[in-house]
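Colleague: I would like to see how this sequence folds:
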Amino acid sequence: MKIMIDIVDVDETEVVIRTKSLTPEILELQKALESSSDRNCSITFYKGEVEYYFDIGKVLFFETCNKVVCAHTKDDVFDTHYKLYELEAMLSSNFVRISKSSIVNIDKVFSITKNITASSCVEFSESYKKVFVSRAYYKDLVELLKNRKR
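Modeller: Next up, the predicted model:
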């Protein structure tokens, strides 16, 4: 493997991987870089007047509720001061859009109950919470879930 570092004047650091084929080693490298990126991604969560700081990996999903974006964890709900499109740009590929109003952490998805005529229900391990994936996003979500590493 050849490694090059090119120092240039840019607004944001960018990592480009050029490869002949997508190997398990390349996928592992991608995941390591993304998790490193997540550690640098700092989101403050709010509940009333209290600010909370915890690992983004604990978030099951983000959803818009009454014009506020809420972060759902296993047992709680917190507000954020971000819009969904801002979160989508900030977070790693483990977080994917599943509807106009929701982003889900695919590492926490336990099951999907398919509904051909309406939105399908996404359930999470170790939680009673559910969120719905719209038909437009269903196929991409299932493909990502099939390709994720356990």
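Colleague: low-confidence ranges, this structure, go.
Modeller: In the predicted model, the chain carries pLDDT under 70 at residues 34-41, 149-150.
Colleague: quick one: residues contacting the spatially most central residue of it.
Modeller: In the chain, the C-alpha nearest the mean C-alpha coordinate belongs to Phe95, at 1.1 Å (Cα atoms, centre = their mean). Phe95 makes contact with 59, 62, 87-88, 103-106, according to Cβ atoms under 8 Å, 6 or more residues apart in numbering. C-beta here means a position set from N, CA and C on the backbone, and glycine is covered the same way.
Colleague: repeat that with 7 Å
Modeller: Listed by Cβ atoms under 7 Å, 6 or more residues apart in numbering, the contact partners of Phe95 are 103, 105.
Colleague: measure it to Arg135 for me?
Modeller: Distance of Phe95 to Arg135, given as Cβ to Cβ, to the nearest Å: 20 Å.
Colleague: and what of Cys121?
Modeller: 13 Å.
Colleague: again with Val96
Modeller: 15 Å.
Colleague: cool, and Lys100?
Modeller: 12 Å.
Colleague: repeat for Lys47
Modeller: 33 Å.
Colleague: the two - which one has more neighbours?
Modeller: Arg135 (14 against 11; other Cβ atoms under 10 Å).
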